[in-house]
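S.K.: below is the sequence, then the predicted model.
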Amino acid sequence: MIKINSEHGDITISNAVFTTITGAAATNCFGVKGMAYRSMTDGLVHLLRPEAMSKGVKVTYNDDNTVSIELHIMVDAGVNIATVCRAIMSEVKYVVTCNTGVEVRDVNVCVDSVSNS
């Protein structure tokens, strides 16, 4: 959780807020099939349901009251992966900052799989 001091009191933003906003912003980008999760039991990459997107997002709280975000995605076949990742980085940074007021230090995108369907 991150705590922000305002003139009206303290605001605490939970991890679930960051993961939900990040997942929604990433999956709205062109070429993204969805959030991904690599199973520890079988090693396979699974496409996450919309209500479980937080499993594909890791938020790290930095000492300077910024956050660093790592997300795992599955992309559609035939898209330029580098372009899709740059779009996600920009979109996530913008949407998280606008919705929470917390600066995003960096966004790391891991493409875990390419989907043909």
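M.R.: Thanks, I have the structure now.

S.K.: every contact and neighbour count from this point should use C-alpha atoms.
M.R.: Fine.

S.K.: for this protein, what spans make up the helices?
M.R.: With DSSP state H as the criterion, the chain has helices at 15-27, 81-100.

S.K.: could the ones you listed go into TSV alongside distance to His72 and mean pLDDT?
M.R.: Listed next are those as TSV, based on distance: least, C-alpha to C-alpha, whole Å; pLDDT from 0 to 100:
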stretch	distance to His72	mean pLDDT
helix 15-27	10	91
helix 81-100	11	95
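
S.K.: most neighbours per residue, which of those helices?
M.R.: helix 15-27 (a mean of 20; mean count of other C-alpha atoms under 10 Å).

S.K.: show me where pLDDT drops low in this structure?
M.R.: Along the chain, the parts satisfying pLDDT under 70 run over 117.

S.K.: mind checking how far Gly101 is from Tyr94?
M.R.: From Gly101 across to Tyr94, the span is 10 Å (C-alpha to C-alpha, to the nearest Å).

S.K.: over to Thr19?
M.R.: Applying C-alpha to C-alpha to Thr19 and Tyr94 gives a distance of 14 Å.

S.K.: likewise Ile4?
M.R.: 18 Å.

S.K.: what of Val109?
M.R.: Applying C-alpha to C-alpha, the value for Val109 to Tyr94 is 15 Å.

S.K.: can you check Gly43 too?
M.R.: 32 Å.

S.K.: what does Val104 give?
M.R.: For Val104, the distance to Tyr94 - C-alpha to C-alpha - is 8 Å.

S.K.: do Ala52 as well
M.R.: 22 Å.

S.K.: same question, Leu71
M.R.: Distance of Leu71 to Tyr94, given as C-alpha to C-alpha: 15 Å.

S.K.: many thanks, I have nothing further to ask.
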